[in-house]
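S.K.: here is a sequence with its predicted model. Questions after.
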Amino acid sequence: MKFSSEVNQRHTRDVGFTLDGDKLTFKLTFPFPVQEEWTRFKQAPNFRTIDIDGRRVPRNLAGVLAVALVSEARPWRENAVPIWIRVEEVENGQYAATLHFYSPSTVEEMRIRLHRDLE
């Protein structure tokens, strides 16, 4: 059986299975075969915040994504496209965001982790 991802080709893979009567069991192996390389940016395109109920939450992430696409992702891979943004609460009620870009031609992904701008 083949699992095919239209979002990220790195996740496309053959999936083994066994059939015992009416019971079908899949045999997935984790993690997916992925190689990662980490680079620290000198100045990341950090996000500004807005106060909602006493919490400083990210604002204008679409604008930050557009800036990162032009300044970081396209120089990295000419055909890079944004695929998703993850926002998560971290220590002390602060937030962090991760921008994900994907290059279909090289089947590579680039992630940029952002923190709050010191406004």
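M.R.: Perfect, I can see it now.
S.K.: where do the domain boundaries of the protein fall?
M.R.: 1-34, 37-119 (automatic domain parsing).
S.K.: could I get those as JSON lines with mean neighbour count?
M.R.: In short, each C-beta sits where N, CA and C put it, glycine included. As requested, the domains of the chain are exported to JSON lines (neighbours: other CB atoms under 10 Å):
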{"stretch": "domain 1-34", "mean neighbour count": "10"}
{"stretch": "domain 37-119", "mean neighbour count": "14"}
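S.K.: of these, which shows the lowest average pLDDT?
M.R.: Within those, confidence is poorest for domain 1-34, with a mean of 71 (mean pLDDT).
S.K.: distance of residue 13 from residue 83?
M.R.: Relative to residue 83, residue 13 is positioned 19 Å away (criterion: CB to CB, to the nearest Å).
S.K.: sorry, that was for residue 50
M.R.: On the measure of CB to CB, residue 50 and residue 83 end up 25 Å apart.
S.K.: equivalent analysis for residue 96, please.
M.R.: In this structure, residue 96 and residue 83 are separated by 18 Å, where distance is defined by CB to CB.
S.K.: give me the distance between residue 104 and residue 73.
M.R.: Spatial separation of residue 104 from residue 73 under the definition CB to CB is 13 Å.
S.K.: verify the stated contact: residue 96 with residue 111.
M.R.: No. No contact is recorded between residue 96 and residue 111 when judged using CB atoms under 8 Å, the distance being 11.7 Å.
S.K.: which helix runs longest in the protein?
M.R.: For the chain, the helix that runs over the most residues, judged by DSSP state H, is helix 61-68.
S.K.: what does it rub up against?
M.R.: In this structure, residues lying in contact with helix 61-68 by CB atoms under 8 Å, 6 or more residues apart in numbering are 45-47, 82, 85, 87, 97, 99, 101, 112, 114.
S.K.: same check on stretch 47-55?
M.R.: Residues from elsewhere that reach stretch 47-55 (CB under 8 Å, 6+ apart): 56-61, 64, 93, 95, 97, 114-117, 119.
S.K.: ends of that stretch, how far apart?
M.R.: The straight-line separation of the ends of stretch 47-55 (CA to CA, to the nearest Å) is 14 Å.
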